[in-house]
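**Q** Predicted coordinates and the sequence they were generated for:
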Amino acid sequence: MDLLVTQALAKSFGDNRAVDRVDFTVRQGEVLALIGSNGAGKTSLVNLVSGLLRPDSGQIIFENNDVTRQSPYERIKAGIARSFQIVNLFDQLSCADNIALSIFSREDKTLKLATLASRDHAVWAEAHDVLRRFGLERAAMLLAGTISHGERKLLDVAVAYALKPKLLFLDEPTSGVSTREKAPIMDIVTSIVRAGGITVVIIEHDMDIVFRYSERIVVMHQGAILADGTPDQIRQNDAVTTTLIGTHPTGESAYGSTGSAGR
Amino acid sequence: MAVFLIHILNALLYSSVLFLIAGGLSLIYGVMRILNLAHGNLYALGAFVTAWAIGLALGAGAPNVVLFVLLPAGAIAAAVAGAVIERTLLRPFYKRPEEYQLLMTFGLLMILEDLIRLVWGPNPLSATSVYASLGSISVGGDRYPAYNLVIIAVGIIAAVFLWAFIYRTRFGVLLRATSQDKRMASALGVNVNRIYIQAFTLGCFMAGLGGAIVVPSQSAVLGMGVDALVLAFIVVVIGGLGSLEGALAGALIVGVVREAGITLFPEIELAVLYLIAAIVLLVRPAGLFGRA
Amino acid sequence: MLAWVVPAMALLLVAPYVIDPFQTLTLTYGLIAAIAALGFNLLLGYTGLLSFGHSAFFGGGAYTVAFLVKYLKLASMELFLAGSVLVAAILSALFGYVCVRYTRIFFGILTLALSQVLWSLAFKFFWVTGGTDGLRIPTPTLLGMAPSDDKMEFLAHHYYYYVLAVFAICVVLMWVIVHSPFGKALQAIRDNEIRAEFIGIRIRRYRLIAFVISGIFTGVAGALWAPLNGLASPDILVWTFSGEIVFMTVLGGFRTFVGPIVGAIAFTYLKTYAVGFTVYWQLLLGTVLVVLVLALPTGIMGAVERLASKIKKSG
């Protein structure tokens, strides 16, 4: 079933049509990669769907409900969550705190001011469990601002994951991470979300990652969807390869070329 | 009719001084993103220095012309003080969170308050001879102090000069560039430190000028700086922080409302001003001309 | 940190028997300031909002007491506290509703402007508020006990313990609040408001709640202050008084729980001696603040903690 559908969604910044009447669909349970060169509109699209931006026109339908006018809070409660391209964490709180906050929020416990947070053992048990699954156990008591960049990227995803969303948007989860670390991060991320039955949309620039981990690829270009299909279909799509990659990609490129290479 | 005209003149008078103070505050914030809580004390410094200089000159038997020439003394003193303050106290804080800047300028406020008292004592200083020397003119049949027109004139000239300075000179371009994007300006070769000190000095000059030209019509008293700052805040809240047009619009609005308030609702005139500020903030958060 | 609680409380408990009445009074003022600073720091240290308008709640609490005395002829400290809690809650809800839409400098300006509204009202409506002369406040009854003839003894002894009790309750309450899920949510908002929003925290609502709690604490402090000072005047509504609350919090260190308490007591002593020492006490305190912000931004407690960790490392 279609978990998310946008209809003629549009957003402009002055003359720049960041999102140009886009019809975007996400099916339940899939792992979808959203790719395109810088400025194609990927992050804007995610910002619109998650509620960070208000669209100029168009609709966003989530689980057959029109959420276009809903606040971020309502969309999160409905089941949409996201991570951020530039790491957005609570730097002066511990990693466990960061995760626990998502859990407290999810359980509507954040307005409790007369009880000690440390007493809610269930929340902390779950927080540690999430940290363990993401391989961040050792950082549980460390401040989020003090851990390595790769760990922060993982934590950023974990914080969104801890909301137990139905639809999770990951905005460049491996950006700024060394090539060596990218695959492990993606392995963790995709196995966890698959196990939880979460539908995932990943914005990525690294083509190796994209072709390896996604079941479906949506290509954006200048605010519109250029192509939509399985990795094989996209690989053979000439319009895509000339626009984005410049050459036919083989399976063995050591480092996926980023968008602007062939233009 | 004459009474109405006089009300207008009074409003313009008040607006002129307010524009100088608030304009300086806004300029500094616009370029440097610093809100100087001690800004009012630079206005006070201008008033005290001018009154003192005029008092000295009077004591030495100087003619009226000299007294008028001495008027800008306060503005220059404030500018010098501003340059010193920026270089020594403000510069360490540019990279720190703005809460620390606010705190530092609050400490500076306390220091300046007492420095003024230390130098000039607890009693008010006045320069009424300058005020009286121009006599009064006829406004629609009523007498009106001619000096007030000087204040209004200075305000108008300052507004025009500032506008030309910021929008028509090379320095103004650098100023605007730095205020929009400090890093970019720096990358393009703009000496941001120099721009900062110049902007801050200019802002302080304006505040000092406000004090200097107003002191003949009202004495320089301790605490005038603190009072002025709150009014300046109201002006920038209404007009928009960081905008010259906003300071002008805000000053005019406050001047008119205050004059109307004093005439019609003397008790709550001050509260009405604050209420208007609050309403503007509810309806148009960035102020009339402000950028969010 | 908790290890210090017992010795500190012990010291505070025996204070009136060890130091002279004047010192005890100063300490009482210090504890009252500590309650105000504790409330203030919920906003600054934990929510990341710097208010320059807390004098409104302090003064609101004090004037509530004055009005209860003047117009309702009441004399019970408990009623005074109840009244000031109510008034501070309403006032801070109103102010907060307007102010929490903004952050950082705009928030500061707005809180300042709104507190000045109150000041101007107290100033102008002098037939209600006593204007610059203020309103007299006689010593109230404490838990039904009427003040003795020796007013100084009553204040330096019974009133001190009353304030100490309220202080202890406030400390416990605030400690629970900042360690609750709500307290964590506030810190999340402080650290990263966008992320906080995107894990489902409605930031404006939470900021407003923090604002109201903060205002209530400060209002209670004002209510305790009024009978001690004997007079409620517009001086405590002026924005520069708000600045003093900020000063004392930063002096102690706004990143720790006890920082504001330490800073408030230290500031009270500092100001008392400065005022007694020179007429240029503002110059003195202003310099202290500038040096503090330049050299010691984490305040007294920050320096203490750094020292403690250095000792731990080498020891």
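**A** On my side now, so go ahead. Numbering: from 1, shown residues only, chains lettered A, B, ... in the order given.
**Q** Which residues of the stretch 151-300 of chain C lie near chain A?
**A** Neighbours of chain A within the stretch 151-300 of chain C, by CB under 8 Å from any CB of the partner chain: C:176-177, C:179-185, C:187-188, C:190-192, C:194-202, C:206, C:209, C:213. To be clear about C-beta, it is placed using only N, CA and C from the backbone, and glycine gets the same treatment.
**Q** Return the subset of the residues you listed lying in helices.
**A** Among those, DSSP state H puts C:176-177, C:181-185, C:187-188, C:190-191, C:194-197, C:206, C:209, C:213 in helices.
**Q** Next one, pLDDT for the spatially closest residue to C:Phe241 that is not a sequence neighbour please.
**A** Leaving aside its chain neighbours, C:Phe241 sits nearest to C:Ser55 (4.1 Å; criterion: CB to CB, 6 or more residues apart in numbering or on different chains). Note on C:Ser55: pLDDT of 96.
**Q** quick one: contacts for C:Ser55?
**A** C:115, C:119, C:236-239, C:241-242, C:245 (CB atoms under 8 Å, 6 or more residues apart in numbering or on different chains).
**Q** repeat that with 10 Å
**A** C:36, C:62, C:111-112, C:115-116, C:118-119, C:218, C:222, C:234-245 (CB atoms under 10 Å, 6 or more residues apart in numbering or on different chains).
**Q** For chain A, which segments count as strands?
**A** A:2-13, A:16-27, A:31-35, A:57-62, A:65-66, A:80-82, A:167-171, A:199-203, A:216-221, A:224-229 (DSSP state E).
**Q** avg pLDDT for the second one?
**A** Pointing back at strand A:16-27 there. 90.
**Q** partners of it in the sheet?
**A** The pairing partners recorded for strand A:16-27 under DSSP bridges are strand A:2-13 (antiparallel).
**Q** got it, and the last one?
**A** Partners of strand A:224-229 in the sheet, by DSSP bridges, are strand A:216-221 (antiparallel).
**Q** Point to the residue nearest the middle of chain C.
**A** In chain C, the C-alpha nearest the mean C-alpha coordinate belongs to C:Ala36, at 1.1 Å (CA atoms, centre = their mean).
**Q** Tell me how far that residue lies from C:Leu224.
**A** 9 Å (CB to CB, to the nearest Å).
**Q** so what sits against both of the two?
**A** With CB under 10 Å, 6+ apart as the test, C:Ala36 and C:Leu224 both reach C:61, C:170.
**Q** residue contacts, the residue in chain A that chain B sits nearest to?
**A** Closest contact between chain A and chain B, by CB to the nearest CB, is at A:Gln92 (12.7 Å). Taking CB under 10 Å, 6+ apart, we find A:Gln92 in contact with A:143-146, C:48, C:187-188, C:190-192, C:255.
**Q** so which of those residues comes closest to B:Thr88?
**A** C:Arg255 (26.5 Å; CB to CB).
**Q** List the contacts of that closest one.
**A** Here C:Arg255 is in contact with A:92, C:41, C:44-46, C:297-299, C:301-302, C:305 (CB under 10 Å, 6+ apart).
**Q** So it: helix, strand or coil?
**A** coil (DSSP: H, G, I helix; E, B strand; the rest coil).
**Q** Look at it and report its pLDDT.
**A** 90.
**Q** separation between it and C:Pro297?
**A** 9 Å.
**Q** what's around the residue nearest to C:Pro138 when sequence neighbours are not counted, how many residues?
**A** Once flanking residues are discounted, C:Pro138 sits nearest to C:Val69: 6.7 Å by CB to CB, 6+ apart. When neighbours are defined as other CB atoms under 10 Å in any protein chain shown, C:Val69 has 20 of them.
**Q** so C:Val69 is in which element?
**A** Assigned by DSSP states H and E, C:Val69 belongs to helix C:55-72.
**Q** name the helices or strands packed onto the next helix or strand after that helix?
**A** As assigned by DSSP H and E, the chain's next helix or strand after helix C:55-72 is helix C:77-99. Secondary-structure packing of helix C:77-99 (3 or more CB pairs under 10 Å, 6 or more residues apart in numbering or on different chains; DSSP states H and E): helix B:269-283, helix C:55-72, helix C:104-124, helix C:160-178, helix C:203-229.
**Q** Identify the residues contacting the residue of chain B found nearest chain A.
**A** Nearest residue of chain B to chain A (CB to the nearest CB) works out as B:Pro97 at 12.7 Å. By CB under 10 Å, 6+ apart, B:Pro97 lies in contact with C:48, C:50, C:104, C:297.
**Q** how close does it get to A:Ile86?
**A** 19 Å.
**Q** go on, A:Ile217?
**A** 24 Å.
**Q** Looking at these two, which is more packed in?
**A** Higher neighbour count among A:Ile217 and A:Ile86: A:Ile217, with 25 against 9, using other CB under 10 Å.
**Q** contacting residues for that one?
**A** A:32-35, A:202, A:204, A:207, A:210-211, A:227-235, A:237, A:240.
**Q** Select only the buried ones of these in PyMOL?
**A** In PyMOL syntax, the buried subset of the contacts of A:Ile217 is picked out as below (16 or more other CB atoms under 10 Å in any protein chain shown):
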select buried, chain A and resi 32+33+34+35+202+204+207+210+211+227+228+231+234+235+237+240
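**Q** Give the other helices and strands that the lowest-mean-pLDDT helix or strand in chain C contacts.
**A** Here the helix or strand of chain C ranked lowest by mean pLDDT, DSSP states H and E is helix C:151-153, holding a mean of 80. With contacts taken as 3+ CB pairs under 10 Å, 6+ apart, helix C:151-153 sits against helix C:21-41.
**Q** Which other helices and strands does the helix it packs on contact?
**A** helix C:5-18, helix C:55-72, helix C:151-153, helix C:160-178, helix C:203-229, helix C:239-252, helix C:259-277.
**Q** okay, the ones you listed in a markdown table with distance to A:Ser57 next?
**A** Output for those, formatted as a markdown table (distance: least, CB to CB, whole Å):
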| stretch | distance to A:Ser57 |
| --- | --- |
| helix C:5-18 | 60 |
| helix C:55-72 | 44 |
| helix C:151-153 | 73 |
| helix C:160-178 | 44 |
| helix C:203-229 | 27 |
| helix C:239-252 | 46 |
| helix C:259-277 | 50 |
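**Q** Considering these, which stretch scores lowest in mean pLDDT?
**A** Among the helices and strands packed on helix C:21-41, helix C:151-153 scores lowest, at a mean of 80.
**Q** chain center to it: distance?
**A** With CA atoms, centre = their mean, to the nearest Å as the basis, helix C:151-153 stands 24 Å off its chain's centre.
**Q** contacts for it?
**A** With contact meaning CB under 10 Å, 6+ apart, helix C:151-153 is reached by C:16, C:21-22, C:24-25, C:138-139, C:147, C:159, C:230.
**Q** was I right about A:Leu34 contacting A:Glu204?
**A** Yes - here A:Leu34 reaches A:Glu204: they are 7.7 Å apart, a contact under CB atoms under 10 Å.
**Q** Give me the common contacts of these two.
**A** A:42, A:170-171, A:210, A:214, A:217.
**Q** Between the residues you listed, which sits nearest C:Ala264?
**A** A:Asp171 (44.2 Å).
**Q** State the distance from the closest one to A:Ser50.
**A** With distances taken as CB to CB, A:Asp171 is found 9 Å from A:Ser50.
**Q** In terms of neighbours, single out the busier of the two.
**A** A:Asp171 (24 against 21).
**Q** Contacts only, for the closest residue to that one other than its chain neighbours.
**A** The shortest distance from A:Asp171 to any non-neighbouring residue, by CB to CB, 6+ apart, is to A:Gln85 (4.2 Å). Applying CB under 10 Å, 6+ apart to A:Gln85 gives the contacts A:42-43, A:46, A:156, A:170-173, A:175-176, A:203.
**Q** now, the most widely separated pair of those?
**A** The most distant members of these, if one measures by CB to CB, are A:Val46 and A:Gly176, lying 17.9 Å apart.
**Q** got the contact list for the nearest residue to B:Ala73 once chain neighbours are set aside?
**A** With sequence-adjacent residues excluded and distances taken as CB to CB, 6+ apart, B:Ala73 is closest to B:Ala53, at 4.3 Å. Under the criterion of CB under 10 Å, 6+ apart, the neighbours of B:Ala53 are B:66-67, B:69-74, B:76-77, B:127, B:212.
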